[in-house]
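Q: task: produce atomic coordinates for the following.
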Amino acid sequence: MDTTTLPTKTNDMITLSIDGMSCGHCITAVTKSLSAVPGVRVESVAIGTAQIEIKDASTAGQAVAALEASGYPARTTTADAPEAGKVSRGCCG
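A: Okay, the predicted model is just below:
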């Protein structure tokens with residue numbers, strides 16, 4: 001994971017790009033995984049993306065690690081960092 005794009009202030013809203021999501025079950029699984037990470041508040045989850053509020057950059061890394069442990073490869077996104085190709089994993093991919 002490239003930490004150069006991670007926010008450094010406290011309580012930042014970030015967007016995660018998440019591979020392998022294809023259905024409502026995936027949305028539920030991702031929401032549950034993110035909600036279990038201390039310091040993360042889930043704002044929204046949709047197929048392929050999640051918006052979360054984090055307390056610091058290390059929390060973002062923990063959120064990405066939790067998703068990857070659940071079978072959903074993820075990365076933080078920024079306006080100047082285009083998404084890489086999708087990798088099919090998760091529950092239905």
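
Q: what helix or strand is the closest residue to residue 35 other than its chain neighbours located in?
A: Setting aside the residues directly before and after it, residue 35 is nearest to residue 42 in space (CB to CB, 6 or more residues apart in numbering), at 5.5 Å. In short, each C-beta sits where N, CA and C put it, glycine included. Here residue 42, judged by DSSP states H and E, is contained in strand 40-46.

Q: again, but for residue 65
A: With DSSP H and E as the criterion, residue 65 is inside helix 57-69.

Q: could you say what helices and strands that helix packs with?
A: Judged by 3 or more CB pairs under 8 Å, 6 or more residues apart in numbering; DSSP states H and E, the packing partners of helix 57-69 are strand 12-18, helix 24-35, strand 40-46, strand 49-54, strand 74-77.

Q: and the last one, what other elements does it pack with?
A: Think strand 74-77. The helices and strands touching strand 74-77, judged by 3+ CB pairs under 8 Å, 6+ apart, are strand 12-18, helix 57-69.

Q: that one pairs with which strands?
A: For strand 74-77, the paired strands and their directions (DSSP bridges) are strand 12-18 (antiparallel).

Q: may I see the buried residues of the partner strand?
A: Within strand 12-18, the residues scored as buried using 16 or more other CB atoms under 10 Å are 12, 14, 15, 16, 17, 18.

Q: so what's the one residue sitting closest to the centre of the chain up against?
A: Nearest to the mean C-alpha position of the chain, counting by CA atoms, centre = their mean, stands residue 16 at 3.8 Å. By CB atoms under 8 Å, 6 or more residues apart in numbering, the contact list for residue 16 reads 49, 50, 51, 52, 63, 64, 67, 74, 75, 76, 77.

Q: neighbour count and pLDDT added to those, as CSV?
A: Formatted as CSV, these follow (neighbours: other CB atoms under 10 Å; pLDDT from 0 to 100):
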residue, neighbour count, pLDDT
49, 16, 97
50, 25, 97
51, 14, 97
52, 23, 97
63, 24, 97
64, 21, 96
67, 25, 97
74, 26, 97
75, 19, 95
76, 23, 91
77, 17, 86
